[in-house]
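S.K.: Dropping the sequence and predicted coords here.
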Amino acid sequence: AADDAQGGAATGVRNLELLLTPAAADGRPPYPEAAAPDAFAALDASQNVTITRARLDAPRLAEAYARMPQPCRVVVSGPDAFNRAARAALIGLVEEEDDLTLLSA
């Protein structure tokens, strides 16, 4: 059985890194219809969950993938342009392309 970050048996979410796009320079949120940041408070308090206000980049992907027990499934969810960019960056990291799931948001 796999272990969680505290060394116990993993159940539920093993590892989740949620990236939230920072607000624009003028302070407008990228998706004004999305829930307020307080909606993430319960998720943020969960074990094995990290919420970061940042954009996805290749070093962040490589670091996150290196922490994952193998084999693993990578799930990406976002707008089409985001999913295409994430897929291109992940193709060199994932062992099998079938281990990559893209969900349109």
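M.R.: Yep, it's here.
S.K.: lowest average confidence, helix or strand, in the chain?
M.R.: helix 41-44 (a mean of 66; mean pLDDT, DSSP states H and E).
S.K.: same for the one helix or strand A89 maps to, what does it pack against?
M.R.: Using DSSP states H and E, A89 falls within helix 80-90. In this structure, helix 80-90 makes packing contacts with helix 58-67, strand 74-78, strand 100-104, judged by 3 or more C-beta pairs under 8 Å, 6 or more residues apart in numbering; DSSP states H and E. Every C-beta, even on glycine, is put in place using the N, C-alpha and C of the backbone.
S.K.: returning to that earlier point: following the chain past the least confident helix or strand of the chain, name the next helix or strand.
M.R.: Immediately after helix 41-44, counting by DSSP H and E, sits strand 49-53.
S.K.: can you give me the angle that next one makes with helix 58-67?
M.R.: Computed by axes from the mean of the first three to the mean of the last three C-alpha atoms, to 10 degrees, the angle separating strand 49-53 from helix 58-67 equals 180 degrees.
S.K.: for strand 49-53, which positions count as buried?
M.R.: Buried positions in strand 49-53, judged by neighbour count with 16 or more other C-beta atoms under 10 Å: 49, 51.
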